[in-house]
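# Below are the sequence and a predicted model; questions follow.
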Amino acid sequence: MVCPKCNSTDLKKLSLIHAAGVYESRGSLVGALIGSGDGLLFGRYSGKSQSRLSKIAVPPRKMPFAAPIVLWLLGFFILMAFDARGKLSWITGELSIAYPILLPAYLLGAFLYNLLVRRKEYSSWEQKFMCQRCGATTTI
């Protein structure tokens, strides 16, 4: 394989570049401090770091499901607080009618995106290569 931009043969798959640049660390801390400080220290830590090159080669992401549900519920309770007063403006009335439809519409859209569009983008991403000399991406 040859890079179409600089004619280099130093090409690497984007999925390998991404996997090589992500580092995860986990561990635990145990300790005791005697003297003028506070007492014991117990805990666990976990971390994830990623190289800049790996961030460039990131795969297409899925649309989230959990966060929109939580935000929708928060908005629902806030909207119901305004509806409970009984004196609704026409904007608040229409919003209270349309609001229950928003979550199912989003969930359906996210499901279809993840099922159809993201799957196609992901398979395309798996076939891409990056030149290690000039940084150009190409599909072979």
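Noted; the coordinates are in hand. Numbers count the residues shown, from 1 in each chain.
# CA atoms for contacts and neighbours, from now on please.
Fine.
# Residue 9 should be in a helix, yeah?
No - per DSSP: H, G, I helix; E, B strand; the rest coil, residue 9 lies outside any helix segment and is coil.
# who's in contact with the helix of greatest length in the chain?
Using DSSP state H, we find that the single longest helix of the chain is helix 90-112. Residues from elsewhere that reach helix 90-112 (Cα atoms under 8 Å, 6 or more residues apart in numbering): 63-65, 68-69, 72, 76, 79-80, 82-83.
# again, but for stretch 126-135
3, 5-6, 8-15, 136-140.
# Excluding chain neighbours, what is closest to the residue nearest the centre of the chain?
Taking Cα atoms, centre = their mean, the centroid of the chain lies closest to residue 61, which sits 5.9 Å from it. Distance criterion Cα to Cα, 6 or more residues apart in numbering; nearest residue to residue 61, sequence neighbours excluded, is residue 118 at 7.4 Å.
# can you give me the strands for the protein?
For the chain, the strands defined by DSSP state E occupy 11-13, 22-32, 40-50, 128-131, 137-139.
# ok, back up a step: going by distance to residue 47, which of the contacts of helix 90-112 wins?
residue 64 (21.6 Å; Cα to Cα).
# Distance of that closest one relative to residue 106?
Distance of residue 64 to residue 106, given as Cα to Cα, to the nearest Å: 10 Å.
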